[in-house]
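The sequence and its predicted three-dimensional model are supplied below.
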Amino acid sequence: MQWLRLREEEGVRPGRESALARKARGIRYRRTTIAAREQLGSGVLIEAQAMHPDRAVELTLQALRAGVPRIYQGVLRADGVLVTVDMLERGPKGLTLCGFRTGTQLKPGHVEGLALKVWVAERCGFRPDRVELMYLRRMARPQLFRRVDVTVRCRRRSSSIGEDVGAQQLALVGELPAAELGKHCIRPYDCYFLNDCGKDAPRHPLTSFHGGGRLAKSLGELGYSSIEQITELPARVSSIQERQWKAVISASTVVDPGLHEALAPLEGATLAFVDFESVAPPVPGYLTTHPFERVPVQFSCHVLRGGKLEHHQALARSGEDPRPWLAKRLLEACGSVDHVLVYSAQAERQALQSIAKVSSRHADQLRALGNRCFDLWPVVRDNVYHPDFMGSFSLKAVVPALTGLDWKDLDVADGYTAALILEALLLAPQAFDEAEAEQTRRFMLGYCARDTLALVHLLASLRELSEPAAVQ
């Protein structure tokens with residue numbers, strides 16, 4: 001992964017993340033570090049982004065030699081490794097190296113990163129007496145960050161860091177290292193370049209079986225490497241896996257006879273297709289909220305009434321909690337419909353509950369709206385499979401395969417990026433000039449509207465597939 005990332009940074013390979021997404025990620029990081037500094041107190045800040053790395057290293061070393069009590073965002077370099085240290089603090093117990101994290105728990109990767117920074121600091125002539133990690137409390141009270149001692153774990157890991165650094169540096173200057181696909185590609189998180197490594201893999205590898213880790217393993221032991229090779233399934237498979245196998249080997253859409261009955265409640269009804277976008281900032285942006293609490297800030301709603309389609313949408317501005325305002329707009333748009341069509345009802349009901357929690361005047365109506373949610377996700381999962389689903393029933397896998405509609409033409413094309421950008425736009429408006437802010441709002445409105453339009457197209461496709469001639 002590091003080899004590929006380096007080529008992106010050098011411009012040898014095109015970057016995958018847009019400039020807007022990178023800016024939003026940077027804003028989240030800065031909001032977190034500012035909050036941590038406010039909790040800890042004053043100190044010298046090395047503003048490395050505003051200067052050459054050599055100058056940042058020089059200023060950090062000067063501050064360390066001068067015995068500055070607290071240094072924020074210090075930059076150190078040793079043996080070709082450049083690191084940023086969130087805080088270096090001198091106190092009665094010596095020098096403390098501290099890292100800030102946006103999570104709510106300590107993870108092995110956090111110790112790994114801190115151990116590298118300890119190794120670099122030691123090679124610069126400054127051995128930390130104590131290593132700490134600051135991460136967020138779930139309830140943000142009495143203080144936002146919890147501060148824990150990880151000295152022993154970092155010392156244990158840093159003893160072998162040098163060998164790892166040397167091996168990585170050798171790998172980075174050579175050709176792309178060969179690596180087998182495996183669990184390490186998705187743990188502790190999905191590799192940024194997973195699709196690159198899978199280019200030469202079978203189109204339908206065993207690992208693409210829906211929920212089929214054990215099934216993939218047992219079939220692999222029988223000598224299979226792809227779903228296309230399988231001539232007969234084992235006795236114990238789910239109906240979804242059997243439908244998937246039939247679709248792959250026949251290269252066609254497989255439809256269960258139950259699809260027509262699943263869609264029957266929607267006949268002749270007034271329908272609203274609804275999607276919410278939320279922010280879940282590490283540092284709470286609204287009163288009474290907690291770290292990573294999801295707060296709806298936008299919705300799109302297509303209403304199908306008497307064969308005519310109308311569109312409503314709302315996106316908050318920066319300032320106070322937008323949920324009471326969203327409640328009014330949402331009820332105006334779809335408060336009287338028969339069914340609210342969503343994809344993954346749990347997420348949308350949670351959004352409605354979040355809005356109702358701070359909108360007492362409209363709480364009953366919002367709860368009633370939640371009770372009228374009709375989830376298309378289980379309808380697809382239990383009745384339809386197209387080979388291009390590739391084992392996934394996500395909206396962005398299902399809709400392009402069944403309808404041809406996709407998100408590729410949009411500047412914002414996935415939910416995680418959308419949430420990150422909304423967080424930056426609404427909670428750090430000073431980072432955007434007027435023209436950039438309005439352009440970003442257009443991007444976000446377009447993305448959310450595409451999600452609900454996708455639901456409209458999906459229902460039309462499902463209705464067509466439910467006709468007797470299409471059922472297999």
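Okay, I see it.

Farthest from the middle of this structure: give me that residue.
Of all residues in the chain, residue 66 has its C-alpha farthest from the mean position, at 41.9 Å, by C-alpha atoms, centre = their mean.

Report pLDDT for it.
On the pLDDT scale, residue 66 is placed at 96.

One more: residue 210?
Each residue has a pLDDT score; the one for residue 210 is 90.

okay but it is in contact with residue 241, surely?
Yes - counting by C-beta atoms under 8 Å, residue 210 does reach residue 241; the two are 6.1 Å apart. Bear in mind the C-beta positions are built from the backbone N, C-alpha and C, glycine included.

These two - which one has more neighbours?
Neighbours per residue (other C-beta atoms under 10 Å) separate residue 210 from residue 241, with residue 241 holding more: 20 against 17.

quick one: secondary structure of that one?
Put simply, residue 241 is helix when judged by DSSP: H, G, I helix; E, B strand; the rest coil.

how much space between the residue farthest from the centre of the chain and residue 125?
Counting by C-beta to C-beta, to the nearest Å, the gap between residue 66 and residue 125 amounts to 14 Å.

residues of the helix or strand that contains residue 86 that come out buried?
Residue 86 is located in strand 81-91, with elements delineated by DSSP states H and E. If you call a residue buried by 16 or more other C-beta atoms under 10 Å, then strand 81-91 has these buried ones: 81, 83, 84, 85, 86, 87, 88, 89.

Surely the fifth one is in contact with residue 73?
Yes - between residue 86 and residue 73 there is a contact under C-beta under 8 Å: 6.6 Å.

what is in contact with these two at once?
residue 33 (C-beta atoms under 8 Å, 6 or more residues apart in numbering).

Would you map the strands across the chain?
44-45, 70-78, 81-91, 94-100, 130-136, 145-149, 254-255, 271-279, 295-305, 308-315, 339-342, 373-375, 384-385 (DSSP state E).

Can you add distance to residue 162 and mean pLDDT and give the ones you listed back as a markdown table?
Compiled in a markdown table, the strands of the chain are given as follows (distance: least, C-beta to C-beta, whole Å; pLDDT from 0 to 100):
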| stretch | distance to residue 162 | mean pLDDT |
| --- | --- | --- |
| strand 44-45 | 29 | 97 |
| strand 70-78 | 10 | 96 |
| strand 81-91 | 10 | 95 |
| strand 94-100 | 17 | 96 |
| strand 130-136 | 17 | 95 |
| strand 145-149 | 24 | 94 |
| strand 254-255 | 55 | 96 |
| strand 271-279 | 41 | 98 |
| strand 295-305 | 45 | 97 |
| strand 308-315 | 50 | 97 |
| strand 339-342 | 52 | 98 |
| strand 373-375 | 53 | 97 |
| strand 384-385 | 51 | 98 |
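
if we compare those strands, which one ends up closest to residue 116?
Evaluated with C-beta to C-beta, these place strand 81-91 nearest to residue 116, the distance being 6.4 Å.

residues in contact with the closest one?
The set of residues external to strand 81-91 that reach it, using C-beta under 8 Å, 6+ apart, is 33, 36, 40, 43, 48, 53, 57, 60, 64, 67-77, 95-100, 116-117, 119-121, 126, 128, 134, 165.

any idea what sits nearest residue 266, other than its immediate chain neighbours?
If the residues on either side of it in the chain are set aside, residue 266 comes closest to residue 339, at 6.1 Å by C-beta to C-beta, 6 or more residues apart in numbering.

Across the sheet, point out what pairs with the one you found.
When assigned by DSSP bridges, residue 339 has beta-bridge partners residue 271.

low pLDDT regions in the chain?
Segments of the chain classed as low confidence (criterion: pLDDT under 70) are 1-16, 140, 171-172, 174, 176-200, 469-472.

Show me how the record splits it into domains.
Using automatic domain parsing, the domains assigned to the chain come out as 2-172, 261-470.

and those domains, which is most packed in?
With neighbours defined by mean count of other C-beta atoms under 10 Å, none of those is more surrounded on average than domain 261-470, at a mean of 18.

Which neighbouring elements make contact with the longest helix anywhere in the chain?
For the chain, the helix that runs over the most residues, judged by DSSP state H, is helix 434-465. For helix 434-465, the packing partners by 3 or more C-beta pairs under 8 Å, 6 or more residues apart in numbering; DSSP states H and E come out as helix 259-263, strand 271-279, strand 295-305, strand 308-315, strand 339-342, helix 376-383, helix 395-403, helix 415-427.

what's the angle between it and helix 415-427?
Between the axes of helix 434-465 and helix 415-427, defined by axes from the mean of the first three to the mean of the last three C-alpha atoms, to 10 degrees, the angle is 150 degrees.

Is residue 373 bridged to anything, and to what?
When bridges are called by DSSP bridges, residue 373 pairs up with residue 340.

need the strands of the chain in JSON lines with distance to residue 451, can you?
Converted to JSON lines, the strands of the chain look like this (distance: least, C-beta to C-beta, whole Å):
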{"stretch": "strand 44-45", "distance to residue 451": "40"}
{"stretch": "strand 70-78", "distance to residue 451": "38"}
{"stretch": "strand 81-91", "distance to residue 451": "36"}
{"stretch": "strand 94-100", "distance to residue 451": "33"}
{"stretch": "strand 130-136", "distance to residue 451": "29"}
{"stretch": "strand 145-149", "distance to residue 451": "35"}
{"stretch": "strand 254-255", "distance to residue 451": "24"}
{"stretch": "strand 271-279", "distance to residue 451": "4"}
{"stretch": "strand 295-305", "distance to residue 451": "6"}
{"stretch": "strand 308-315", "distance to residue 451": "11"}
{"stretch": "strand 339-342", "distance to residue 451": "10"}
{"stretch": "strand 373-375", "distance to residue 451": "15"}
{"stretch": "strand 384-385", "distance to residue 451": "19"}
